[in-house]
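Undergrad: Sharing a model that was predicted from the sequence below.
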Amino acid sequence: MNFGFSIFVFKYLKNSISFTLILNKCYFSTKPKQEFQNNSSNNNNSGGDNNSKKNGEKNNKFKLDNRWKEILGRAGPNKHSHILAIELINSGEAVTAKKINEILAYCNIKITDQELKSLINTPSFTLTNLNEKSRTKEILKDKLGLPNSKERIPGIYIFTHLSTGRKYVGSSSQLAFRLNGYINLSHKESGLLTPLLKKEGLKNFALQVFPFYSNYIKGSEIVLEQYYLLDPSFTLNTIRVANNPSGSNSKSLYMYNRDMTILYFFSTQQIDFIRKLNIHHSTFTKHLENGTFYLGKYLFSRVPVLTAKVKDMSYLDLGLMLEKDRVKYNKNKPLNSSSKAVILTDVNNLENTIVLPSLGKCVEYLQDKGLSASQVTLVKYINSGKAYKGYLCKFL
């Protein structure tokens, strides 16, 4: 069986927004060999170099659409967090809550200047004789609890290399467990800090710990870590974005139509396809790896097809479209009330409307919000047309 593969070679013209599409061919196991043309040229159907002159034709340079520049993280609101962070460090500008919110937009973290100031002023304690392991562990136990304790204290930590002043900042939702790994030198060797710790020993480092006892709000450790990552003195950090969203060199994922002329959705994280589009992870992985069509209509790929038209759709509209396709595709499968898709609307914010694949998923969503819910209860409210604890639920 021949698995699908795609070869796209793009030559980037420095200091220009133009790209040259050299080769654009796709082969799929589920259909005959096809060649996709550059949509900006009506006469070139060979998939070859669109800048070549043929029979006296003029050169046709492929022009990168502004929307694609945003998708690729080079401009606009979708500019990659890593690029935003490096630009801010190089600019020398002050770090503000607004700047941190822009960088951490990928994980929906927002903070005010007052909250940021409170986090920066978090009390800390410092350990210098780290090579005295028993004493160090005793202090960490007293301040943070045991590594495997049920009571988890979040916060950040800063290692300073005493002879050079180079620093590393990290964060954890369970400081005791994370720091115990450093003291035991049991963490996997990666980046710059861990290899240096193992090479020179703990005696050459100081450790400053910022535990959140009372001023913690969700994501506090990530926010404060990001604040310090924007300080150029933290040269032992190789990545300048907290929580490292898919890595600075991650490849985006795309959802196209069958012939890849329309782009419906993209993300740097597979979890977005699972949570936002309600696609099961095994289903997504199967179609991505095999180059087969999801619901017989959609193709998942890691390759940016710059000639594809970008379809602007909200998550709700995209979810509704996919749900209709699921109904058609699965028309021979029996459906009951628990397997029907559900639309859930926040009555206090009508824009917060999502499509969930089943009543069970709706229950899980509400329980994650801290609300008690069951399928029996939701069915009653659906039938009555009334909102349940601020949410209006109905079958699609």
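TA: Thanks, I have the structure now.
Undergrad: State the mean pLDDT of stretch 151-169.
TA: If you average the pLDDT over stretch 151-169, you get 95.
Undergrad: how far is that stretch from where the chain is centred?
TA: Chain-centre distance of stretch 151-169: 25 Å, with C-alpha atoms, centre = their mean, to the nearest Å.
Undergrad: before we move on, what about stretch 383-396?
TA: Counting by C-alpha atoms, centre = their mean, stretch 383-396 comes out at 31 Å from the chain centroid.
Undergrad: Repeat that for stretch 102-110.
TA: Per C-alpha atoms, centre = their mean, the centroid offset for stretch 102-110 relative to its chain is 10 Å.
Undergrad: now stretch 228-238
TA: 22 Å.
Undergrad: Tell me the buried residues in it?
TA: Going by neighbour count (16 or more other C-beta atoms under 10 Å), the buried part of stretch 228-238 is 228-230, 234, 236-237. All C-beta atoms are positioned from the backbone trio N, CA, C, and that covers glycine.
Undergrad: what does it contact?
TA: Contacts with stretch 228-238, where a contact means C-beta atoms under 8 Å, 6 or more residues apart in numbering, come from 85, 88-89, 95, 99-100, 156, 158-159, 161, 165-169, 191-193, 196, 240-242.
Undergrad: One more: stretch 115-129?
TA: With C-beta under 8 Å, 6+ apart as the criterion, stretch 115-129 contacts 96-97, 100, 111, 135-136, 139-140, 143, 155, 203, 206-212, 215, 217, 220, 223-224, 227.
Undergrad: Please identify the buried residues of that stretch?
TA: Quick answer for stretch 115-129 (16+ other C-beta under 10 Å): 116, 119, 122, 127.
Undergrad: pLDDT value on the residue positioned nearest the centre of the chain, please?
TA: Central residue of the chain (C-alpha atoms, centre = their mean): Gln269, 4.3 Å from the mean position. Gln269 is assigned 78 on the pLDDT scale.
Undergrad: Phe10 too?
TA: 35.
Undergrad: my read: Asp193 touches Arg166, true?
TA: In this structure residue 193 is Leu, not Asp. No: with contact defined as C-beta atoms under 8 Å, Leu193 does not reach Arg166; the gap is 9.2 Å.
Undergrad: Where does pLDDT dip in this structure?
TA: With pLDDT under 70 as the threshold, the chain has low-confidence stretches at 1-66, 69-70, 72-79, 244-251, 331-339, 396.
Undergrad: Helices of that one, residue ranges please.
TA: 66-71, 81-91, 97-103, 113-120, 133-144, 175-183, 193-200, 220-229, 270-275, 281-290, 315-329, 359-368, 375-384 (DSSP state H).
Undergrad: quick one: the fifth one to helix 175-183, angle?
TA: The one in question is helix 133-144. Using axes from the mean of the first three to the mean of the last three C-alpha atoms, to 10 degrees, the inter-axis angle of helix 133-144 relative to helix 175-183 is 160 degrees.
Undergrad: go on, the fourth one?
TA: Taking the same axes, to 10 degrees, one finds that helix 113-120 is oriented at 50 degrees with respect to helix 175-183.
Undergrad: and the angle from helix 113-120 to helix 220-229?
TA: Using the same axes, to 10 degrees: helix 113-120 against helix 220-229 is 80 degrees.
Undergrad: Quick check: Leu207 vs Leu224, distance?
TA: Distance of Leu207 to Leu224, given as C-beta to C-beta, to the nearest Å: 16 Å.
Undergrad: Which one of those two is surrounded by more residues?
TA: Remark: of Leu207 and Leu224, Leu224 carries more neighbours, 25 against 20, as counted by other C-beta atoms under 10 Å.
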